[in-house]
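*Asks:* Okay, structure incoming, though there's no sequence with it:
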C-alpha cells in the first residue's frame, strides 16, 4: 500500500520534473536567451548606489537610514528581486493564448496552470545560477559599504519569504498573461504594472520615505511583503517575530492570488471558448 | 457501436465590428457593435468504431469549429455531443487520455528540443507505462521511418518530418479517437503520400476512429469511404464517397484519342458535351446511363478512333461543383 502510494506520488511528480528538465535543456539550446537578462541588472544597482551616495554626502540619516543602511537596503532589495523574478513570463502565457497554442494544452490531461508554473520555474533556473554568482561577486565588491547581518534562523526565514515571493511572482505573471484573453496587447499593461509594483514593493527605495498615509495604505497591498519586509528583516530593522508575521501575510496573499487567478482563468476560458482563437 | 454522436450541435461566435478609419476607431473604444457568426448550425451525425470519415468543406465552413468542440476546446452554443460516452467540453482527463487532436498548422512539439523529449513528456502526461511507451514508440517509428530524426531539434526538421513527429506525439497513448485537421497541409506530394499511407495503415491496424479534414482531394479519395460535407455550418452531404459521385455527377467522362488526320469539333459535338478538344484527343461528358451506348456509337462511326476510355468524374470536380452551386443559390 505504502509502496503503491509512493509510486503514485512519484509518477505525479515525474511529469513536472520532465517539464523542468526540458526547459533547462531549452535554455541551453539558446545559450544566451534569458541569461542575457541577468547581465543588464548590474548597471541598475550601480546607478542606484552612486545616486544615493551623492544624496548622503552632507546628511547623516534619512528616515532612520544611515548611508550604509541605505546602500545595503538597495543592494539586497536588488539581489532579492533578481532571485525571485520570472523574467517577463507573462509574455509566454499571452503568446499561448493569442496564437491558439493553448489548444494543445487544453486537450491534454494536465492542468495548464500547473504546467505553466512548472515551465516558468524550469525557465529561470539557469539564469538564477548566473545571477547568484554575479550578484555575490558584486556584493563582495561592495562589501566595505554593506551591512552583513544574518544568523541561521534569519536565513531560513528569508529563504521561506523569498520562495513565497517567487511563487507570488509566478502567479502574478500568469495572471497578467491571462489578460490576453481580453486584450491582444499586454506589454503596455505589463510595463505599467511592473513600475507600480517595483515602487510599491520598495524595490527603488525603502517605502518609509513615502508619506505616512501612503505607507499605511501600502501595507494592505501584497507587494511590500515581497521585497521591503524581507530586506527589513535582513537589516534587523524588524524583529524575527515581525518577520514571521510578514511571511504569514505573504502566504495569505499568495493563497488569495491563487484563488483570483483560478477565477480569472475560468472567465478567460469562457471567453476563449466562445470566441475560438 | 457509435463512438461519436452529435445532436443539433451549434456554435455561434461573437465578435466586434471594426469600422474603417481613425475616427471610427476612436469611437470604437467606447461603443462597439457586437456581431454574431453562426459557424456551425444544428449539425447531426454519428460515427461508428473504426470508421475513417472525411470532413470536407470550403474554408470557414465550420470543419475546424466542429473538431474543436469534439476535442473540448470550444463550448457549443447549443446541442449535444458525446464521444466515447463523454461530453467533450467537460474536459475530463478520462476522456482526454482516449483521444488526440492533430492540427496541421499548430504544433505541440517543443520547438527547440529533439522530438524525443516531447514524446517522453507526453508519456508522463498521459501516464503511459514504460512497456507500452516503448512498444508504441517502436511501432510508430518503424511505420513512419523516422528513426534517425528523433534526436534532431524539431526546428531543424522539414515540414514533412515534423508532421510525422507530431503524429507520433499524438498517438503514443493509443487514442481510440483521432481528429486530424489538415494533416497534410503544406507538404510536398511525396510527404503527403507518406502521411496518407500511414493514416490508412494505422486505421486498419488499430481500428482507431478517425475524422479527417483536408483540402486535398487525394487524401479523401485514398482514405475515406464515408464523407461528410459541411457548407456554411450545415451538413450538405453525409454518406459514401462513391454515391456522392453518383448523386452530384450524373455523368461519366469519355476520353477518346484519334489517329491520322484527327477530327473536327462539329464531328463529335452531337455525341455529348465536349469538354476538351484537340483534333487528336477529346473529352466528352455524357449522362451516366448513356455512356456505354455513346461509346459504342463512336466506335461504330467512321471517325478514326484510336482508343476510348470511360471514366468517373474527378471527385475534386464534384466537390468543387457542390460548393459553387451553393454559392450560386445564395
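*Replies:* Received the coordinates, thanks. Note that this is a predicted model, so its numbers are computed, not measured. Numbers count the residues shown, from 1 in each chain, chains lettered A, B, ... in the order given.

*Asks:* number of nearby residues for residue 45?
*Replies:* Picked chain A for this. 21 (other C-beta atoms under 10 Å in any protein chain shown). Any C-beta I mention is one placed from the backbone N, CA and C, and that applies to glycine too.

*Asks:* not quite, I wanted chain B
*Replies:* Counted with other C-beta under 10 Å, residue B:45 comes out at 18.

*Asks:* Hmm, it is touching residue B:7, no?
*Replies:* No. Using C-beta atoms under 8 Å as the test, residue B:45 is too far from residue B:7 to be in contact (9.2 Å).

*Asks:* got a list of what the closest residue in space to residue B:185 that isn't next to it in sequence touches?
*Replies:* In space, and not counting its chain neighbours, residue B:185 is closest to residue B:104: 4.0 Å by C-beta to C-beta, 6 or more residues apart in numbering or on different chains. Contact analysis of residue B:104 by C-beta atoms under 8 Å, 6 or more residues apart in numbering or on different chains lists B:163, B:180-186.

*Asks:* now the helices for the chain?
*Replies:* I went with chain A, as the question did not name one. A:2-30, A:35-55, A:67-84, A:90-99, A:102-106, A:112-141, A:152-178, A:187-201, A:212-218, A:228-235, A:240-275 (DSSP state H).

*Asks:* could you do chain B instead?
*Replies:* Under DSSP H, chain B gives helices at B:22-28, B:63-71, B:93-96, B:115-125, B:130-144, B:159-171, B:189-206, B:217-223, B:241-248, B:265-268, B:291-300, B:315-329.

*Asks:* what pLDDT, on average, does the third one get?
*Replies:* The reference is to helix B:93-96. If you average the pLDDT over helix B:93-96, you get 96.

*Asks:* Report pLDDT for the residue of the stretch 101-250 of chain A found nearest chain B.
*Replies:* Closest approach between the stretch 101-250 of chain A and chain B, counting by C-beta to the nearest C-beta: residue A:109, at 3.7 Å. pLDDT for residue A:109: 96.

*Asks:* Hmm, residue B:93 and it touching each other?
*Replies:* Yes. Using C-beta under 8 Å, residue A:109 is in contact with residue B:93, at 3.7 Å.

*Asks:* so what's residue B:6 up against?
*Replies:* Residue B:6 sits in contact with B:43-46, B:66, B:70, B:79-81, where contact means C-beta under 8 Å, 6+ apart.

*Asks:* okay, the residues you listed in a markdown table with distance to residue B:200 and pLDDT next?
*Replies:* Listed next are the contacts of residue B:6 as a markdown table, based on distance: C-beta to C-beta, whole Å; pLDDT from 0 to 100:
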| residue | distance to residue B:200 | pLDDT |
| --- | --- | --- |
| B:43 | 26 | 96 |
| B:44 | 27 | 97 |
| B:45 | 22 | 97 |
| B:46 | 23 | 97 |
| B:66 | 23 | 95 |
| B:70 | 22 | 96 |
| B:79 | 32 | 96 |
| B:80 | 31 | 96 |
| B:81 | 26 | 97 |
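
*Asks:* just the buried members of those?
*Replies:* Taking 16 or more other C-beta atoms under 10 Å in any protein chain shown as the criterion, what is buried in those is B:43, B:45, B:66, B:70, B:79, B:81.
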